[in-house]
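Visitor: when you get a sec, could you give me coordinates for this:
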Amino acid sequence: MCSATSSPTGARHALISAYRVSLTATASISGDIPSLLQHAYSRHFEEQMSSIQVTEMLIDHARSILADGLPLSMNVELVDDEELPDAMHTLNQGAVWACLVGGGANPDLEDRVLQKAREERPDGNEMHDGVRKALTAEGKNLWFLCRMFFFSLNVAEKDGESYQYTEYGDCYHHRMYMGRLFMLDSANHTALTRARMPRALQSSEFVDPTRLTFPACLKVAELEASLPAWEKHRMVSDVSAKENQTFIVTSVGTVMAGEDSMVFTGPVEEVSRHLFHPVVVPTLSQITSCMHGTVLGWNKNGRLGLGRKNDMSGFEELPFRVDRIIPDDSINVFLSGRRLLFAGSGNPLIAQSGLLPGYRRDANCLTPTPLRFPERVKRFLCYIVVAWASDDLTHLCDYDAQYCVPFEAAEFGRTAVGNKWVDSFCDSTGQWFRVEKVSDGVAELVECEAPTSHWEITPVDVDPWAEL
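Guide: Predicted structure coming up:
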């Protein structure tokens, strides 16, 4: 201490002043510095700061908060090279959400998990108790400790993913937000449990995280090995996991495993067929010399538009331009300029619609053939039903119904009501309408909520058919 503060009185005033300054100056620093200074004062002078002194300091602190506000993490303007301090309130909402859920916070404020478990298994009392003990009422309180916590919960509810499956006396539920995955299995977990894995890109219905290796993909294996343990997600840019095939897109190539893998990877040894292998892609010279594009996949019924139905091994050039593909189980509809070309096995709805005259519902269409529309078409759907839309009309063809809707529909949906399906359509404003009945081929509609299942009617721009 300098001479001005070396006396007991000077030291007393210095500690009191330091305590007063620390109330505001250290608000954004981890650790309770004001309490440490207060403890140092009591140890040094063997007395507590007077209540009047502490009261004055707290009043000064309250006055500074009212005048200048508390340190914030959101909407803070930083100068060049300035960084937010390391503190809980400066984490992004994904990290805050993960910290709270990992610490026991219950994100299910409305008890939807328990309610759904009761609805699906009303007699599963032991399972209900497991969910209730894992997602406690007390755990909800943590979200209300500050506005940022509650904000993080609301954003996670809006932008995150969740899934629930109830069967055989067990309730499985998971939530994921910004790559952080938490799982609850009422038979094995006592709380939402963080999956020990890098950040996830997407989640499937039932999640059982498994460590993948790539011994047959040297470039991918080298890329993975070069990344830190918790940064492995950076190697993956996209994933497709459908039916019995999985594709992983990385910055050093695409790899694949699953059924009919040799179609995509070329011949591989039997002992390593179960592993991921690089997908065979065209060379640069093949790409630059290609006029329309290349295609690769399952072609047993001619759905790839190559004019034949034999198997493939490697990419092949298409004989026509492709702007977009609208797939179904055994067919493909190709948007080629201002035409829609159909290829694949028998599709009764296409035959029933009249869009492909002379086409039999049990025949293969190996040669890509234009669908014939009587008017300009702006949207098209070939999944569950066949539907196409013009400026002010949408046509639908189903197995037992064929009717029109008096507007251009952007989406088609269905909801199960009893033992039948109820169709609905969404207009350009996002409003859904349910089909009440059909009179003279035109649907009578009433406004409704979004259906349980719905599909986009793909935007296209197709000219009406004209005989050449």
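Visitor: which residue sits closest to the most centrally placed residue in the chain, ignoring its sequence neighbours?
Guide: For the chain, Gln202 is the residue whose C-alpha lies nearest the centre (CA atoms, centre = their mean; 5.4 Å). Excluding its sequence neighbours, the residue lying closest to Gln202 (CB to CB, 6 or more residues apart in numbering) is Val239, at 6.4 Å. (Glycine included, C-beta is placed from N, CA and C.)
Visitor: what are the phi and psi values for the closest residue to Gln431 other than its chain neighbours?
Guide: Excluding its sequence neighbours, the residue lying closest to Gln431 (CB to CB, 6+ apart) is Glu447, at 6.4 Å. The phi/psi pair for Glu447 (degrees, to the nearest 10) reads phi -60, psi 150.
Visitor: just use 2 as the starting number from now, easier for me
Guide: Sure, I'll start counting at 2 from here, so that last one is Glu448.
Visitor: Glu448: neighbouring residues, count only.
Guide: Neighbour count for Glu448, taken as other CB atoms under 10 Å: 9.
Visitor: what sits against it?
Guide: By CB atoms under 8 Å, 6 or more residues apart in numbering, the contact set of Glu448 is Gln432, Trp433, Phe434, Arg435.
Visitor: can you tell me which of the residues you listed are buried?
Guide: Buried members of the contacts of Glu448, counted by 16 or more other CB atoms under 10 Å: Trp433, Phe434, Arg435.
Visitor: the second one against Pro452, yeah?
Guide: This means Phe434. No. Phe434 is beyond contact range of Pro452, at 10.5 Å (criterion: CB atoms under 8 Å).
Visitor: re the thing from before, show me the contacts of Glu448 that map onto strands.
Guide: Using DSSP state E, the subset of these located in strands is Trp433, Phe434, Arg435.
Visitor: now these in TSV, with pLDDT and distance to Ala15?
Guide: Formatted as TSV, the ones in strands among the contacts of Glu448 follow (pLDDT from 0 to 100; distance: CB to CB, whole Å):
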residue	pLDDT	distance to Ala15
Trp433	95	70
Phe434	96	75
Arg435	94	76
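Visitor: quick one: Ser36 is in a helix?
Guide: Yes. Counting by DSSP: H, G, I helix; E, B strand; the rest coil, Ser36 falls inside a helix.
Visitor: any residues in contact with both of Phe434 and Pro452?
Guide: Residues touching both Phe434 and Pro452 by CB under 8 Å, 6+ apart: Ser425.
Visitor: give me the number of residues near Asn189?
Guide: 11.
Visitor: per-residue confidence at it?
Guide: Confidence at Asn189, expressed as pLDDT, is 83.
Visitor: ok, it - contacts?
Guide: For Asn189, no contacting residues are found, by CB under 8 Å, 6+ apart.
Visitor: one more: Ser163?
Guide: Contacts of Ser163 by CB under 8 Å, 6+ apart are His174, His175, Arg176, Met177.
Visitor: so what's it bridging to?
Guide: Ser163 has the following beta-bridge partners by DSSP bridges: Arg176.
Visitor: quick one: the helices in the stretch 102-251 of the chain?
Guide: 113-121, 126-135, 148-160, 219-227 (DSSP state H, counting those that start in this stretch).
Visitor: in the second one, what's buried?
Guide: Going by neighbour count (16+ other CB under 10 Å), the buried part of helix 126-135 is Met128, His129, Gly131, Val132, Ala135.
Visitor: identify the residues contacting the first one.
Guide: Okay, so that is Met128. By CB under 8 Å, 6+ apart, the contact list for Met128 reads Ala118, Arg122, Thr167, Gly170, Asp171, Cys172, Ser187, Ala188.
Visitor: spatially nearest residue to Arg133 (excluding sequence neighbours)?
Guide: Counting by CB to CB, 6+ apart, the residue nearest Arg133 is Leu115, at 6.1 Å.
Visitor: what of Tyr166?
Guide: Tyr173 (4.7 Å).
Visitor: any low-confidence regions in the stretch 52-201 of the chain?
Guide: 52-80, 85-86 (pLDDT under 70).
Visitor: ok, Trp144 touching Asn155?
Guide: No. With contacts counted by CB under 8 Å, Trp144 stays clear of Asn155, the gap being 9.1 Å.
Visitor: more neighbours: these two, which one.
Guide: For Trp144 and Asn155, the more surrounded residue by other CB under 10 Å is Trp144, and the numbers stand at 20 against 12.
Visitor: which residues does that one contact?
Guide: Contact analysis of Trp144 by CB under 8 Å, 6+ apart lists Leu101, Ala106, Pro108, Leu110, Phe150, Phe151, Leu154.
Visitor: among those, name the buried ones.
Guide: By 16+ other CB under 10 Å, the contacts of Trp144 give Leu101, Ala106, Pro108, Leu110, Phe150, Leu154 as buried.
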